[in-house]
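Participant: got a sequence here, can you model it:
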Amino acid sequence: MKIVYGLKSVGPAIVVAAVVLGPGSILTSSKVGSQFGFAALPILALAVVLMIAMVALSGRLGVTYEHSLCEELAQRLGRWVAIAVGGILFVLVALFQSSNNIAVVAGIEPLLETGDGEATFLSSPFSRGAILAVVNLFVLLCLYRMRHLYGVVERLMKVLVLLMVLAFFFNFLVVLLRGAGYQPSAATGKRDLIPLIGMIGTTFSIGGAFYQGYLVREKGWTVGNVKQNLADSFLGISILGGVTAVILMTSTLVFYGRAEPVVLSSVGDVARQLEPLFGPSAKVIFCVGIFAGAFSSFLVNAMIGGTVLADSLGLGSRMDDRWTRHLTALALLIGMGVAILSLAGAKGTVGLITFAQALTVLGLPALALALLYLGTRPELSGEKKIPRWILGLGCAGLLVACVLAVRTAAIVYGKIAGA
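Facilitator: Numbers count the residues shown, from 1 in each chain. As a prediction, this is how the structure comes out:
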């Protein structure tokens, strides 16, 4: 009975995990494993713990308050505060969406390479833009044609997460049993902090956590479902952390500690970590996985920005609301436009994706502050009171978010100044 109860409790957080665990997360954790090895695991574990707390906090606020999160902010602090929060999250989603678009091209490109490594059809910016236009048009059609979006999305995400867990776990076992020549004493070359920040930003995604407060309302949960929310948060985000850890450890066993540092500049390079299980087919399987991961998170990721921005403007907070769909479409188009501009003349798609993932941490402090503000209101008493451990970890998450934002801003400024 407990197993059945646990399975029924999973829902909103698994949607968050599936969206966060997109192609960018797969590629950044692979790069982190190749550069930092097992030393990055404690950092990942910390990010997972903070993410569980933030998701649990957001979900609890969603089932506790009468109105949606941005509407509560608008009534308490003014509409402009809600619009600022919604706008920040919308921009973060657009950046994240651009990495999904880039990953679509990155997933197709290696499959079309000739023997000398040169791409054929996707070698020009026009052809890349055409592919992205077709993909986004199809997603837009799905957005406006589908009804009762939440139920469809939840079922799809559960299936996709299960497939990712099985594929990466079995590949890790094969790598571990065969041995991949892990040499922790060997030189590893210069370490780039951008992938590490990107991994933290995709695992400890306060933007995704913020959306949990909306998903629990779509699920129909109320204040009587606080235990389900906690179980959902713990299980869903633990799966996210577990898959990320498996990818990181697999990359460590395959790439870390080589006498000559491994440079993962393309999806084809990263796909080599699947060779122990899939052999020569590794590139095809990994590229298809990257494409599927990007495509599956396309709609839901954009919907995070569309829903929260619509709510902040007082235009509705449900997936099926008209303005939610319109603003979701806007997020899709912006993400596509940024990706097309980024890919024009770009040589390394992995670098673009990890850079976009790292940029998403810049707006995290504002979202964390909003959640903590709503979670510490004096009227939340009795069964509505937020547990101290959740608030304590939430404050720690705010501190981490501030440090990441400052560090990322410094790195980005350094790259721009040095360009």
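Participant: you'd agree G241 is up against A45?
Facilitator: Yes - between G241 and A45 there is a contact under C-beta atoms under 8 Å: 7.2 Å. Placement of C-beta: from N, CA and C, glycine included.
Participant: tell me the buried residues in stretch 148-159?
Facilitator: For stretch 148-159, a neighbour-count test (16 or more other C-beta atoms under 10 Å) marks 149-150, 153-154, 157-158 as buried.
Participant: among G241 and A45, which residue is more densely surrounded?
Facilitator: Neighbour count, other C-beta atoms under 10 Å: between G241 and A45, G241 has more, with 20 against 13.
Participant: without its sequence neighbours, what residue ends up closest to that one?
Facilitator: V48 (3.4 Å; C-beta to C-beta, 6 or more residues apart in numbering).
Participant: can you tell me the element G207 falls in?
Facilitator: Assessed by DSSP states H and E, G207 sits inside helix 206-219.
Participant: tell me which other helices or strands that helix touches.
Facilitator: Using 3 or more C-beta pairs under 8 Å, 6 or more residues apart in numbering; DSSP states H and E, the elements in contact with helix 206-219 are helix 12-20, helix 41-64, helix 69-77, helix 79-108, helix 149-178, helix 282-312, helix 364-375.
Participant: winner for burial among those?
Facilitator: With neighbours defined as mean count of other C-beta atoms under 10 Å, the helices and strands packed on helix 206-219 peak in mean count at helix 12-20, which reaches a mean of 28.
Participant: whatever helix or strand comes next after that one: how far from the chain's middle?
Facilitator: Sequence-wise, the next helix or strand downstream of helix 12-20 (DSSP H and E) is helix 23-36. Between the centre of helix 23-36 and the centre of its chain there are 13 Å (C-alpha atoms, centre = their mean, to the nearest Å).
Participant: pLDDT of helix 23-36, averaged?
Facilitator: Mean pLDDT, helix 23-36: 80.
Participant: tell me what angle that helix forms with helix 12-20.
Facilitator: Orientation check (axes from the mean of the first three to the mean of the last three C-alpha atoms, to 10 degrees): helix 23-36 against helix 12-20 gives 70 degrees.
Participant: got the CA positions of helix 23-36 in PDB?
Facilitator: Extracted in PDB, the C-alpha atoms of helix 23-36 (Å, rounded to 0.1, in the frame of the first residue of the first chain):
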ATOM      1  CA  PRO A  23      19.800  18.400 -22.700                       C
ATOM      2  CA  GLY A  24      21.600  21.200 -21.000                       C
ATOM      3  CA  SER A  25      21.700  19.300 -17.700                       C
ATOM      4  CA  ILE A  26      23.000  16.200 -19.500                       C
ATOM      5  CA  LEU A  27      25.700  18.000 -21.300                       C
ATOM      6  CA  THR A  28      26.800  20.200 -18.400                       C
ATOM      7  CA  SER A  29      27.000  17.300 -16.000                       C
ATOM      8  CA  SER A  30      29.000  15.400 -18.600                       C
ATOM      9  CA  LYS A  31      31.500  18.300 -18.900                       C
ATOM     10  CA  VAL A  32      31.700  18.600 -15.100                       C
ATOM     11  CA  GLY A  33      32.500  14.900 -14.700                       C
ATOM     12  CA  SER A  34      35.200  15.200 -17.400                       C
ATOM     13  CA  GLN A  35      36.900  18.200 -15.700                       C
ATOM     14  CA  PHE A  36      36.200  17.800 -11.900                       C
END
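Participant: which elements pack onto that helix?
Facilitator: helix 79-108, helix 193-203, helix 226-255, helix 267-270, helix 282-312, helix 349-359.
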